[in-house]
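# Below is the sequence, then the predicted model.
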Amino acid sequence: MQIYKVGGAVRDRLLGKPVTDIDWVVVGATTEEMLAKGFRPVGADFPVFLHPKSGEEYALARTERKNGRGYGGFIFHASPDVTLEEDLIRRDLTINAMAEDDQQNLTDPYHGQRDLEARLLRHVSPAFAEDPLRVLRVARFAARYAELGFTVAPETLELMRQLTESGELEALTPERSWKEIARALMEDQPQVFIKVLRECGALKVLMPEVDALFGVPQPEAHHPEIDTGVHTLSVLEQAALHKQPLTVRWACLLHDLGKGLTPEEEWPRHIAHEHKGLKLIKAVNERFKAPKDCQELALLVGEYHTHSHRALELKPSTLLELLQNFDVYRRPQRFEEFIAACEMDARGRKGLEQRSYPQADYLRGAATAARSVAVQPLLEKGFKGPELGEAIKGERLKALKGYKEAASA
């Protein structure tokens with residue numbers, strides 16, 4: 001039995017990056033031997049075990065053969081005669097197909113170290129094209145390592161195009177796709193993920209609503225970058241620079257989808273794009289079964305982001321309606337995330353990345369003013385039921401009028 005550290009742990013050590021998860025491959029062992037040593041089996045499809053003390057994953061060396069569509073369409077074969085090189089060749093990228101023993105002796109049959117130095121994301125073998133999930137994974141790695149200068153090798157991008165054109169991407173489950181998308185959006189340069197998907201044609205298959213934004217112009221006075229797709233990438237970039245959570249990043253990606261529906265003869269104006277985009281945002285949310293908090297925020301940002309940009313001009317009644325729609329009294333955090341997404345939208349414009357966004361503090365102040373209305377005095381006056389609701393609304397409107405006057409003074 002020989003045990004090797006493999007994949008990301010080896011890659012990140014060689015890059016000088018922190019190693020978080022460690023994967024191990026066991027060569028020359030049987031399931032029975034692993035169980036005898038106290039390893040606990042996990043995973044129904046192939047033999048993976050948890051170490052009795054560390055809890056880390058140890059997998060028996062295995063080969064795989066394609067026998068169906070999609071991510072799960074493989075037959076796995078694990079036995080003591082499977083070599084380390086045979087196990088490594090089934091991996092996606094050369095930089096993920098290296099192994100080292102307990103003395104840090106490197107096994108690198110597919111030149112991963114060379115590609116690390118050349119800053120290339122290159123596939124290990126033609127079998128890469130058998131797994132559609134790898135299109136998303138490579139795009140995610142491109143986003144993760146863009147800051148180090150990594151790019152996708154042309155021949156790998158070509159394989160990704162072939163995979164996309166084969167229709168295999170449609171066999172991906174929403175759950176697997178979302179897992180990769182969510183991880184990619186949380187990388188330091190998530191806009192690179194979208195760029196790479198677009199370069200290989202996958203964005204048009206996975207998110208045609210986002211792909212449709214490229215080439216759609218906006219008024220230059222408000223959007224010096226003009227192109228709506230370029231703007232969307234910039235907003236996503238700002239969200240990452242400002243360390244925004246996944247909910248905000250997802251909303252940033254989808255906020256302008258309605259502009260893709262504007263007829264060409266109406267360009268560069270996009271009247272009512274906020275409302276028109278809601279059905280598209282809903283479709284993307286449902287396609288990937290995005291978590292509920294991501295879905296809700298994306299829809300709210302899509303519908304109301306221009307309200308935020310015009311916050312200082314809004315009438316108190318419109319401001320109150322906005323706050324009611326966000327349920328700021330019970331869900332203040334969601335309103336904070338909305339403000340954050342709108343600020344990223346304002347900053348995601350060429351040359352305006354550093355411009356201040358006074359609307360953010362103005363909206364926070366409005367929420368505070370509305371929340372400050374006390375209910376108890378109204379109860380003491382005998383209000384109840386629907387009448388109480390109207391009385392509270394009236395007091396909140398009064399508070400917002402006072403707030404607006406004070407802010408304008």
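Received, thanks. Residues are numbered from 1 along each chain as shown.

# any idea where the strands of the stretch 51-200 of the chain begin and end?
When secondary structure is read from DSSP state E, counting those that start in this stretch, the stretch 51-200 of the chain shows strands at 57-60, 62-66, 74-78, 99-100, 106-107, 120-121, 151-152.

# Please name every helix or strand in contact with the last one.
To tie it back to what came earlier, the one meant is strand 151-152. strand 120-121, helix 133-145 (3 or more C-beta pairs under 8 Å, 6 or more residues apart in numbering; DSSP states H and E). For the C-beta atoms, the positions are set from N, CA and C on the backbone; glycine is no exception.

# Single out the most deeply packed of these.
Greatest average neighbour count among the helices and strands packed on strand 151-152 goes to helix 133-145 (a mean of 24), per mean count of other C-beta atoms under 10 Å.

# ok, now which ones touch Ala311?
Leu319, Gln359, Tyr362, Leu363, Ala366 (C-beta atoms under 8 Å, 6 or more residues apart in numbering).

# switch to 7 Å and redo it
Each residue near Ala311 by C-beta atoms under 7 Å, 6 or more residues apart in numbering is listed here: Gln359, Tyr362, Leu363.

# same check, this time on Lys195
Leu233.

# Taking their axis directions, the helix or strand where Ala239 lies and helix 133-145 sit at what angle?
Using DSSP states H and E, Ala239 maps to helix 228-241. Relative orientation of helix 228-241 versus helix 133-145 (axes from the mean of the first three to the mean of the last three C-alpha atoms, to 10 degrees): 60 degrees.

# what's in contact with helix 228-241?
Against helix 228-241 from outside (C-beta under 7 Å, 6+ apart): 188-191, 194-195, 210, 213-216, 218, 223, 225, 248-249, 252-253, 256, 259, 344-345, 347-349, 353.

# how does this protein divide into domains?
Domain assignment for the chain by automatic domain parsing gives 1-110, 372-408.

# Report the buried residues of the shortest one.
When burial is assessed from 16 or more other C-beta atoms under 10 Å, domain 372-408 yields the following buried residues: 373, 378, 383, 391-393, 395-397, 399-401, 403-404.

# Could you look up the SS state of Lys350?
coil (DSSP: H, G, I helix; E, B strand; the rest coil).

# So it sits against Asp227, correct?
No. Using C-beta atoms under 7 Å, Lys350 is not in contact with Asp227; the gap is 9.8 Å.

# coming back round to it: same list, the helices and strands packed on strand 151-152, but as TSV with distance to Leu299 and mean pLDDT please.
TSV is the format used below for the helices and strands packed on strand 151-152 (distance: least, C-beta to C-beta, whole Å; pLDDT from 0 to 100):
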stretch	distance to Leu299	mean pLDDT
strand 120-121	34	98
helix 133-145	24	97
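
# picking that back up, among the buried residues of domain 372-408, which ones are in helices?
Leu378, Ala391, Ile392, Lys393, Glu395, Arg396, Leu397, Ala399, Leu400, Lys401, Tyr403, Lys404 (DSSP state H).

# The second one contacts Phe383, correct?
Think Ala391. Yes. Ala391 is within contact range of Phe383, at 4.6 Å (criterion: C-beta under 7 Å).

# Just the ones in helices from the contacts of Ala311, please.
Counting by DSSP H, the contacts of Ala311 contribute Gln359, Tyr362, Leu363 to helices.

# What ranges does the stretch 151-300 of the chain have for its helices?
154-165, 174-185, 190-199, 202-206, 208-211, 228-241, 246-254, 273-276, 278-287, 292-309 (DSSP state H, counting those that start in this stretch).

# re earlier: could you redo the helices and strands packed on strand 151-152 as a markdown table and give each row distance to Tyr4?
Shown next, in a markdown table, are the helices and strands packed on strand 151-152 (distance: least, C-beta to C-beta, whole Å):
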| stretch | distance to Tyr4 |
| --- | --- |
| strand 120-121 | 22 |
| helix 133-145 | 21 |
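
# need the contact list for Gln162.
By C-beta under 7 Å, 6+ apart, the neighbours of Gln162 are Ala129.

# Nearest spatial neighbour of Ala370, chain-adjacent residues omitted?
Counting by C-beta to C-beta, 6 or more residues apart in numbering, Arg396 is the residue found nearest to Ala370 once chain neighbours are left out, at 4.6 Å.

# you'd agree the one you found is up against Val373?
Yes. The criterion here is C-beta under 7 Å, and Arg396 meets it with Val373 at 5.0 Å.

# how about the nearest residue to the most centrally placed residue in the chain, chain neighbours excluded?
Ranked by distance to the mean C-alpha position of the chain (C-alpha atoms, centre = their mean), the top residue is Leu185 at 2.7 Å. Using C-beta to C-beta, 6+ apart and skipping the chain neighbours, the partner closest in space to Leu185 is Arg249 (4.5 Å).

# In the stretch 51-200 of the chain, where is pLDDT below threshold?
66-74 (pLDDT under 70).

# can you do 50?
70-71 (pLDDT under 50).

# circling back to that earlier point, give the buried subset of the contacts of helix 228-241 as a PyMOL selection command.
Selection of buried members from the contacts of helix 228-241 for PyMOL, criterion 16+ other C-beta under 10 Å:
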select buried, resi 189+190+191+194+195+210+213+214+216+218+223+225+248+249+252+253+256+259+344+345+347+348+349
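
# so Pro132 makes contact with Leu163?
Yes. If you go by C-beta under 7 Å, Pro132 and Leu163 touch, sitting 5.7 Å apart.

# and these two? which has more neighbours close in?
Under the neighbour definition other C-beta atoms under 10 Å, Pro132 and Leu163 were set side by side, and Pro132 has more, 26 against 22.

# who touches stretch 198-211?
Contacts of stretch 198-211 (C-beta under 7 Å, 6+ apart): 135, 157, 160-161, 164-165, 169, 177, 194, 197, 232, 253, 257, 260, 280, 283-284.
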